[in-house]
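Colleague: Give me coordinates for this.
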Amino acid sequence: MNVLVTGGAGFIGRWVVKKLLDRGDEVLVLDDLSNGQEENLEEFKGNKNFKGLVKGDITNKSDIEKAFEFSPELCIHAAAQINVQDSIDNPEKNNRINIEGTLNILDEAVKHQTKVCLIGTCMVYDTSGEKPIGENHPINTASPYAESKVRAEEAALEYYKTQNLPVVVLRPFNTYGPFQKTNMEGGVVSIFLNKELDNEVLSIYGDGTQTRDLLYVEDCADFIINGAFSEKAVGEVINAGTGSDISVNDLAKKICKDENRIKHIEHHHPQAEIQKLVCDPSKATNLLGWKPKVSLEEGIEKTKEWIKKE
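Modeller: Numbering: from 1, shown residues only. Now for the predicted structure:
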């Protein structure tokens, strides 16, 4: 199949591209490289099914039209503004990318009758209390980022209902692994591992009791591929996670054995923090036959080895 991956030079997008090429699909990437990196795609350049990178912006309709000249049968839409603090500092830019950019993709997809798989986020949910979060869990957007992602999802599902556009909405939980940035733009696992390898202090925002359901990136990419190609998933919203969570404090202790190098600092956006995130992945299992394969310990080790080589 011809597959267009927006944001394909980014962390998750890069792994999706790899899995598609492993399947034998022909893949084109659209990315403006504001967050992704061209080096992430370097290893695919010798693959005859990798049709290259269109350096373009999803807020620019002509860039999208150029990418759709590839005649994709499927568009995996992973391009987004993903930084919570940036969304607070510049909500207009955030909305332009996440809402208007998604509408541009949907409009072009309608012209070509291209199936769209939209990558959402678990950050749209209210804190979970004691129960794992299923797809019907209350929405509570605590940042412009989360609000824009909900509105993008709503738009996609409206196109499904009103334009007969095949659409799938996928919400992976906190994803980590190789190719994730290790600076403050990265995720908590990669940041902590990088600090540990450099023998530096691991800084925890707030009291560290907030929990996360940590999903290894290859499991996440498998979920996205399964969801994107499934006919049963059309018109559905589907979560993916491990079904168990860990506090940031416990994660830090798992990565760093010297507790003197673990410090708590003031949270830079406490209003956007979700205290407890744990996924109920049963819909993904029942509908797609998907289950995560990589344990947290194994995933941390794989990520650590990758960071060492960088």
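Colleague: The nearest residue to residue 177 once chain neighbours are set aside - how many residues pack around it?
Modeller: Counting by Cβ to Cβ, 6 or more residues apart in numbering, residue 217 is the residue found nearest to residue 177 once chain neighbours are left out, at 3.2 Å. The C-beta positions use only the backbone N, C-alpha and C, and glycine is treated the same way. For residue 217, the neighbour count with other Cβ atoms under 10 Å is 24.
Colleague: element containing residue 156, please.
Modeller: According to DSSP states H and E, residue 156 maps onto helix 144-163.
Colleague: quick revisit: look up how far residue 33 lies from the residue nearest to residue 177.
Modeller: Distance, residue 217 to residue 33, using Cβ to Cβ, to the nearest Å: 19 Å.
Colleague: for residue 140, same thing?
Modeller: 33 Å.
Colleague: all strands for the stretch 201-310 of the chain, in order.
Modeller: All strands of the stretch 201-310 of the chain, identified by DSSP state E, counting those that start in this stretch, fall at 202-205, 211-212, 214-216, 237-240, 246-247, 262-265.
Colleague: Identify whichever of those lies nearest to residue 115.
Modeller: Comparing those against residue 115 with Cβ to Cβ, the closest turns out to be strand 237-240 (14.8 Å).
Colleague: And the average pLDDT for that closest one is what?
Modeller: Regarding strand 237-240, the rounded mean pLDDT is 98.
Colleague: Output the lowest mean pLDDT helix or strand found in this protein.
Modeller: None of the helices or strands of the chain scores lower by mean pLDDT, DSSP states H and E than helix 84-89, at a mean of 91.
Colleague: what packs against that helix?
Modeller: The helices and strands touching helix 84-89, judged by 3 or more Cβ pairs under 8 Å, 6 or more residues apart in numbering; DSSP states H and E, are helix 91-95, helix 144-163.
Colleague: Now render those helices as a markdown table, adding distance to residue 173 and mean neighbour count.
Modeller: Output for those, formatted as a markdown table (distance: least, Cβ to Cβ, whole Å; neighbours: other Cβ atoms under 10 Å):
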| stretch | distance to residue 173 | mean neighbour count |
| --- | --- | --- |
| helix 91-95 | 21 | 16 |
| helix 144-163 | 14 | 20 |
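Colleague: Include mean pLDDT when you put the ones you listed into TSV, please.
Modeller: Shown next, in TSV, are the helices and strands packed on helix 84-89 (pLDDT from 0 to 100):
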stretch	mean pLDDT
helix 91-95	97
helix 144-163	97
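Colleague: which stretch among the ones you listed comes nearest residue 116?
Modeller: Checking the helices and strands packed on helix 84-89 against residue 116 by Cβ to Cβ gives helix 144-163 as the closest, at 6.3 Å.
Colleague: What is the subsequent helix or strand relative to the closest one?
Modeller: strand 167-172.
Colleague: quick one: that next one to helix 144-163, angle?
Modeller: Comparing the axes of strand 167-172 and helix 144-163 via axes from the mean of the first three to the mean of the last three Cα atoms, to 10 degrees yields an angle of 160 degrees.
Colleague: and after strand 167-172, which helix or strand comes next?
Modeller: strand 174-176.
Colleague: Each with direction, which strands does that following strand pair with?
Modeller: Strand 174-176 pairs in its sheet with strand 214-216 (parallel), by DSSP bridges.
Colleague: contact partners of the partner strand?
Modeller: Residues from elsewhere that reach strand 214-216, judged by Cβ atoms under 8 Å, 6 or more residues apart in numbering: 172-177, 189, 240-242, 245-246, 251, 279, 292, 294, 296, 298-299, 302.
Colleague: Domains in the chain, by residue range?
Modeller: The record assigns the chain these domain ranges, following automatic domain parsing: 2-174+214-240, 178-212+243-309.
Colleague: what's the least confident stretch among these?
Modeller: Of all those, domain 178-212+243-309 has the smallest average pLDDT, which comes to a mean of 94.
Colleague: need the helices for the protein, in chain order.
Modeller: Secondary structure of the chain (DSSP state H): helices at 11-23, 61-68, 84-89, 91-95, 101-112, 144-163, 188-197, 217-229, 248-255, 282-288, 296-309.
Colleague: before we move on, the earlier item: I'd like the helices and strands packed on helix 84-89 as CSV, with distance to residue 203 appended.
Modeller: Converted to CSV, the helices and strands packed on helix 84-89 look like this (distance: least, Cβ to Cβ, whole Å):
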stretch, distance to residue 203
helix 91-95, 25
helix 144-163, 21
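Colleague: do you know which of the ones you listed lies nearest residue 129?
Modeller: helix 144-163 (18.1 Å).
Colleague: returning to that earlier point: would you mind giving the helices of the chain as CSV with distance to residue 182 added?
Modeller: Formatted as CSV, the helices of the chain follow (distance: least, Cβ to Cβ, whole Å):
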stretch, distance to residue 182
helix 11-23, 11
helix 61-68, 29
helix 84-89, 18
helix 91-95, 24
helix 101-112, 27
helix 144-163, 21
helix 188-197, 4
helix 217-229, 14
helix 248-255, 13
helix 282-288, 28
helix 296-309, 6
